[in-house]
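Colleague: this one's sequence-less:
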Ligand code: PLP
């Protein structure tokens, strides 16, 4: 049976060049980068090379502004908690959006229990916040804005440069969860007035369990993990050198080829959407029609459960998801689609197709062939389907 992987917002296949770049760190270059001897110095050299590769991809002013972490979730926790606590003397108000990843939402909820006040901005029908509303929400005690660059479920891109401008006018720290946008759309921390940005390697053909937090020089932030003096004293713990070397390589590839490849991915994504639209009635695209990641199409199939669609697709070798990887498995409607005002009856029937450089026209045509009979069959069994 053909296997088609369309769940690349959950994780990507590791690029063969990334695998190749990591192997020496398991076999020969095994020193601890904090050690002063030659083995350690060799590891340190590669650690710093990777730091430069990450910095270059996001246009950080200096590689020192990159702190390696265990991934996007840790970077979000680090950015939000360590800056909220550092700035507690100035204020305790944080602004975020209702469509953030749970790594951000649950961190904000945790802070609410420890004396912080959090404003959750709503979004429009496409999943974008209103910069005017953001501006009006800022008060004298606001210290942090945390708003994602692009949404993992719908791919909708947030008005990041406007948010950055407002944050700098008001003197508020701006953190963005850029896990989904880095490598897929141009992302520039300097141009967009970003102070803190979360990154994750496994969304851009790198290994799992490694990521980074960009911390603009001069941003007030507490030490995240206590221990040794690793990562400029900001995040203690021996660095995951093989993973970091792979992450660096993935960033280098994204920098040199990523955006070019994304144009091809977008064509395939649009071919898929068009094919579904032509062959299946009563569907709707969730997310912004243009301001959207080039690899993502979130489609609702009216009157159906997304779970039953993805299970049927799985039987045909096609991997997709409903909502984010951590919320799939529960039948709760997606908080993202709910915030966009999509009725639960339609939100429940959503399927996220997220593509990668490894997908081909044949993959897409296979999905367009297999999906319509699945939808037909499920609708025939649906007690709520009113008919064509
Ligand atoms: N933020 C966003 C927007 C994501 O999509 C994800 C992963 O799905 C994360 C954070 C968490 O990243 P990680 O899996 O590296 O912890």
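Modeller: The structure has been received and is ready for your questions. Given the structure is predicted, the values throughout are model-derived calculations rather than measurements.
Colleague: Please count neighbours and contacts with C-alpha atoms only from this point.
Modeller: Will do.
Colleague: quick one: average pLDDT of stretch 48-64?
Modeller: Across stretch 48-64, the average pLDDT comes to 98.
Colleague: repeat for stretch 219-227
Modeller: Rounded mean pLDDT across stretch 219-227 is 97.
Colleague: and for that stretch, what are the contacting residues?
Modeller: With C-alpha atoms under 8 Å, 6 or more residues apart in numbering as the contact definition, stretch 219-227 has outside contacts at 78-79, 82-87, 173, 195, 233-237.
Colleague: Weed out the non-buried ones from those.
Modeller: The neighbour count (16 or more other C-alpha atoms under 10 Å) marks 78-79, 82-87, 173, 195, 233-236 as buried among the contacts of stretch 219-227.
Colleague: Identify those among these that sit within strands.
Modeller: residue 173 (DSSP state E).
Colleague: now, the most widely separated pair of the buried ones among the contacts of stretch 219-227?
Modeller: 173 and 236 (23.3 Å; C-alpha to C-alpha).
Colleague: All the helices of this structure, in order from the start?
Modeller: 16-22, 24-27, 38-58, 72-86, 102-113, 131-137, 160-170, 241-253, 259-279, 306-315, 335-339, 344-347, 361-381 (DSSP state H).
Colleague: and residue 185, which of the ones you listed is closest to it?
Modeller: helix 259-279 (6.6 Å).
Colleague: How far off centre is that closest one?
Modeller: On the basis of C-alpha atoms, centre = their mean, to the nearest Å, helix 259-279 sits 20 Å off its chain's mean C-alpha point.
Colleague: ok, and what's touching that helix?
Modeller: Residues from elsewhere that reach helix 259-279 (C-alpha under 8 Å, 6+ apart): 183-186, 283, 294-297, 355-357, 359-361, 364-365, 367-368, 371-372.
Colleague: at 7 Å instead, please
Modeller: Helix 259-279 is contacted by residues 183-185, 294-297, 355-357, 361, 364, 368, 372 when judged by C-alpha atoms under 7 Å, 6 or more residues apart in numbering.
Colleague: picking that back up, name the nearest of the buried ones among the contacts of stretch 219-227 relative to residue 258.
Modeller: Looking across the buried ones among the contacts of stretch 219-227 and measuring by C-alpha to C-alpha, the closest to residue 258 is residue 195, at 23.9 Å.
Colleague: before we move on, the earlier item: could you export the contacts of helix 259-279 to TSV, including columns for neighbour count?
Modeller: Formatted as TSV, the contacts of helix 259-279 follow (neighbours: other C-alpha atoms under 10 Å):
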residue	neighbour count
183	25
184	24
185	18
294	26
295	25
296	28
297	27
355	26
356	28
357	16
361	14
364	20
368	21
372	18
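Colleague: Which ones among those map onto strands?
Modeller: Reading strands off the contacts of helix 259-279 with DSSP E, I get 296, 297.
Colleague: Farthest pair within the contacts of helix 259-279?
Modeller: Spatially, the most separated pair among the contacts of helix 259-279 is 183 and 372, at 32.2 Å (C-alpha to C-alpha).
Colleague: was I right about residue 126 contacting residue 288?
Modeller: Yes. Counting by C-alpha atoms under 7 Å, residue 126 touches residue 288, with 4.7 Å between them.
Colleague: Between these two, which contacts overlap?
Modeller: Common neighbours of residue 126 and residue 288 (C-alpha under 7 Å, 6+ apart) are residue 156.
Colleague: Of those two, which one has the most company?
Modeller: residue 126 (23 against 19; other C-alpha atoms under 10 Å).
Colleague: returning to what we had before: greatest separation within the contacts of stretch 219-227: which pair is it?
Modeller: Across these (C-alpha to C-alpha), the longest gap, 26.2 Å, separates 173 and 237.
Colleague: Outline the domain layout of the chain.
Modeller: 4-10+259-381, 16-254 (automatic domain parsing).
Colleague: if you look at the shortest one, does any of it touch the ligand?
Modeller: Yes. Remark: domain 4-10+259-381 sits within contact range of the ligand at residue 10, by C-alpha under 6 Å from any ligand atom.
Colleague: average pLDDT for that domain?
Modeller: 93.
Colleague: i'd like the first residue to be 14 from this point on
Modeller: With 14 as the first residue, the last one maps to domain 17-23+272-394.
Colleague: Could you check how far it is from the centre of its chain?
Modeller: The answer for domain 17-23+272-394 is 17 Å, by C-alpha atoms, centre = their mean.
Colleague: residues in the stretch 64-213 of the chain within reach of the ligand, list them.
Modeller: 84, 85, 86, 114, 116, 164, 165, 190, 192, 193, 213.
Colleague: can you do 8 Å?
Modeller: Counting by C-alpha under 8 Å from any ligand atom, the stretch 64-213 of the chain comes close to the ligand at 83-89, 113-117, 161, 163-166, 190-193, 211-213.
Colleague: Before I go, just wanted to say thanks for your time.
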